[in-house]
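Undergrad: any chance you can model this:
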Amino acid sequence: MKDFRGKVVVVTGAGSGIGRALAVKLAQRGAKVAISDVDPAGLSTTEQLVQEAGGDVHAQLLNVVEREAFMEYADAVVAHFGKVNAIINNAGIAHHGEVETMEFKDIERIMDVDYWGVVNGTKIFLPHVIASGDGAIVNVSSLFGLLSEPGQSAYNSAKFAVRGFTEALRQEMLIAKNNVAVTCVHPGGIKTAIARNSTASGDHDAAKTAELFDKYLARTSPEKAADIILRAVEKEHARVLVGADAKLLDLGVRLVGSYYQGIAARATNWALSRVS
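TA: From the prediction side, this is the model:
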């Protein structure tokens, strides 16, 4: 997929943040866009923005955890556009809490959305993407799919799983000689509401963690992130790091290996002490 003009691209989690920016940027590049989200107001706003950008858009409420609903959604998208060239599995949520204090249900909820949502979207749309003859599967992991962070074990687990799943899929597409590019996306700190909308368990202060994220980590705009992602997909990159922080921290982990864990623990503890 060298460009998006005339292509049909599905974007999950399009009600805000990176998903919204991707949908608008795709429309500006001449793509037809199928967008979904669990937030009706956010989805409606994105639909309007895509239309204003001149895009042909199909919008539908969707919880990516609900597999049967996802299958029906795929049928609706194909019926509307006639084909699907690509899916960007972007929908995700976050939860803050230590392993000791988290409930099993907290971990399961994150895995359901952030991992199984990606698996559902990939599996359900892959036959359509292969059939298009010029397609792409784009799965959004995270910087925390490259390194772990204290208080983020559930999120880390899901994002590491997305990375492994996506890298294996890319190899399978190469072996099968399918004309499907597969890209795993690792955003660093993006100026979205994911931290402010996250939940927390135990004594973990979600507001404090969100303040930490916004103050020290959120450096890249969703629009810039979307541009970086779409350029990487056009170049059929296997992996894309979004933001200088993602590139720097990935390099740091490569250099120091498992020693990064002690460094990250101390840095996180220091940063938390600096916010109110």
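Undergrad: low pLDDT regions in the chain?
TA: For the chain, the stretches flagged by pLDDT under 70 are 192-198, 200, 202-218, 275-276.
Undergrad: buried set for the longest helix seen in it?
TA: If you go by DSSP state H, the chain has its longest helix at helix 153-176. Judged by neighbour count (16 or more other C-beta atoms under 10 Å), helix 153-176 contains these buried residues: 153-163, 165-167, 169-170, 173. Every residue, glycine included, has its C-beta placed from N, CA and C.
Undergrad: now do stretch 47-67
TA: Neighbour-count burial for stretch 47-67, counted by 16+ other C-beta under 10 Å, picks out 47, 49-50, 53, 55, 57-60, 62-65.
Undergrad: likewise for stretch 23-35?
TA: So stretch 23-35, judged by 16+ other C-beta under 10 Å, has buried residues 23, 24, 25, 26, 27, 29, 31, 32, 33, 34, 35.
Undergrad: what is the nearest of these to residue 79?
TA: Taking C-beta to C-beta as the measure, residue 79 lies nearest residue 34 of those, at 11.0 Å.
Undergrad: the closest one belongs to a strand?
TA: Yes - counting by DSSP: H, G, I helix; E, B strand; the rest coil, residue 34 is found in a strand.
Undergrad: ok, residue 220 - how many residues close by?
TA: If you count neighbours by other C-beta atoms under 10 Å, residue 220 ends up with 21.
Undergrad: what are the boundaries of the helices in this protein?
TA: With helices called from DSSP H, the chain shows them at 17-28, 40-52, 67-81, 104-110, 117-132, 153-176, 206-212, 222-234, 244-256, 260-273.
Undergrad: partner strands of the lengthiest strand in the chain, with direction?
TA: Secondary structure of the chain read by DSSP state E shows that its longest strand is strand 180-187. When pairing is defined by DSSP bridges, strand 180-187 lines up against strand 135-140 (parallel), strand 239-242 (parallel).
Undergrad: send me the shortest one as CSV with only the CA atoms.
TA: The C-alpha coordinates for strand 239-242 follow below in CSV (Å, rounded to 0.1, in the frame of the first residue of the first chain):
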residue,chain,number,x,y,z
ARG,A,239,7.7,-1.2,13.4
VAL,A,240,7.2,2.5,14.0
LEU,A,241,8.2,4.4,17.1
VAL,A,242,6.2,7.5,17.5
